[in-house]
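sequence first, then the predicted structure:
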Amino acid sequence: MKNVSILVPENSVMQAIADPQYLFSAANQFMVANGKNPLFNIQLVGLKKEVKINEGLFSINTSQRLNEVEQTDLVIIPALFGDMKKAIESNKQLLPWINDQYQKGAEIASLCVGAFLLASTGLLDGKKCSTHWGFQNEFREMFPDVEVVDGSIVTEEDRLYSSGGAMSYWNLLLYLLEKYTDRETAILASKYFAIDIDRESQAAFAMFQGQKNHTDEAVKQAQEFIDKNIHERITIDELADLVSVGRRSFERRFKAATNNSVLEYINRVKVESAKRSFESSRKNINEVMYDVGYTDTKAFRTTFKKITGLTPIEYRNKYNKMSSVYQD
């Protein structure tokens, strides 16, 4: 039997506790139906017998308290909810237990922004990690020693697993299920739960939010200029002159403030505008391309796909309900 310990933290997302329990329980049922023995012993583990979440709206009864679990094979850390610093503070008593289980050989998997709790253990220092795209900047600020993998659905390193945003954690759960059982069982589970088993990127869902939570006023001025002139071809020299900073110094400061190079930032702003246009307008690919300052179709397509994981046509067809009537 594999012991699967699903943590029940304060300030957590109920679905991110219930879903792994549901998946591994269903996997046991699949095995029994195929004449096999169930593989997973599933535990809900917490500091208390009853943990209240969502400001007391829901409560979850744990099957074991931390001190009752001597050793386990897999620890699942669910997504947290609300202010991340407060959520970590309210669950700091869980951190030594997570560390202890890892040292005893357990694998640790964080779902979505559960990565904040996993990173608080120090286990991720110097390692790679995935988390929700909307929390990546905050995560980097809080845990500068952890390498955030942009857009990744599942990241694995040294028995530590993490997943991308929101429902992306289902892909990590299927990944772990396949590891512990086989491909056939994972595919059966993916069909049962209607989950795309091999989705590798959350890039198509990400919304670029500008990365302006910094104190470098020259960089902010440059960012505002980019935001207001997306239809223009903007150069680094032009921006450096605008803020009266030497090009090399400007590029260094821009990267430090935004975690993007100047060109990466310009492209992300332009692609974000293109995405909004594809979602809500009747414009064709070329019209949108020109609107955001591109004149080379190949360059636009390549940049768009690099950032979103989809071609412009694929993105439009996926997110615009009127896409069937378009003619390019």
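Structure received. Numbers count the residues shown, from 1 in each chain.

from here on, contacts and neighbour counts on C-alpha atoms
Noted.

what are the buried residues along stretch 281-292?
Of all the residues in stretch 281-292, those buried under the rule 16 or more other C-alpha atoms under 10 Å are 282, 283, 284, 285, 288, 289, 290, 291, 292.

in the stretch 151-300 of the chain, which spans are strands?
With strands called from DSSP state E, counting those that start in this stretch, the stretch 151-300 of the chain shows them at 154-157, 160-163.

quick check: which of these is nearest to residue 12?
Minimum separation from residue 12 across the strands of the stretch 151-300 of the chain (C-alpha to C-alpha) falls at strand 160-163, 15.7 Å.

by contact count, what packs against that closest one?
Other elements packing on strand 160-163 under the criterion 3 or more C-alpha pairs under 8 Å, 6 or more residues apart in numbering; DSSP states H and E are strand 107-110, strand 128-129, strand 154-157, helix 169-180.

buried ones in that strand?
Taking 16+ other C-alpha under 10 Å as the neighbour-count basis, strand 160-163 is seen to contain the buried residues 160, 161, 162, 163.

ok, so of the buried residues of stretch 281-292, who is nearest residue 9?
Of the buried residues of stretch 281-292, the one sitting nearest to residue 9 (C-alpha to C-alpha) turns out to be residue 292, at 44.5 Å.

I'd say that closest one and residue 230 touch.
Yes - in this structure residue 292 lies within contact range of residue 230 using C-alpha atoms under 8 Å: 5.3 Å.

shared neighbours, those two?
Residues touching both residue 292 and residue 230 by C-alpha atoms under 8 Å, 6 or more residues apart in numbering: residue 270.

per-residue confidence for residue 236?
We have a pLDDT of 95 for residue 236.

how about residue 124?
Per-residue confidence at residue 124 stands at 96 (pLDDT).

what's the answer for residue 203, then?
Looking at residue 203, its pLDDT is 55.

okay, and for the protein, where does confidence drop off?
Counting by pLDDT under 70, the ranges of the chain that qualify are 151, 166, 197-210, 321-328.

before we move on, back to that, residue 47: which of the buried residues of stretch 281-292 is nearest?
Within those, proximity to residue 47 (C-alpha to C-alpha) peaks at residue 292, which comes in at 52.4 Å.

how close does that closest one get to residue 234?
Residue 292 sits at a distance of 11 Å from residue 234 (criterion: C-alpha to C-alpha, to the nearest Å).

shared neighbours, the two?
Jointly contacting residue 292 and residue 234 under the rule C-alpha under 8 Å, 6+ apart is no residue at all.

rewinding a little: between the helices and strands packed on strand 160-163, which one is closest to residue 121.
Closest approach to residue 121 among the helices and strands packed on strand 160-163 is made by strand 107-110 (11.1 Å; C-alpha to C-alpha).

quick check, nearest of the buried residues of strand 160-163 to residue 176?
Each of these was checked against residue 176 using C-alpha to C-alpha; the closest is residue 161, at 9.1 Å.
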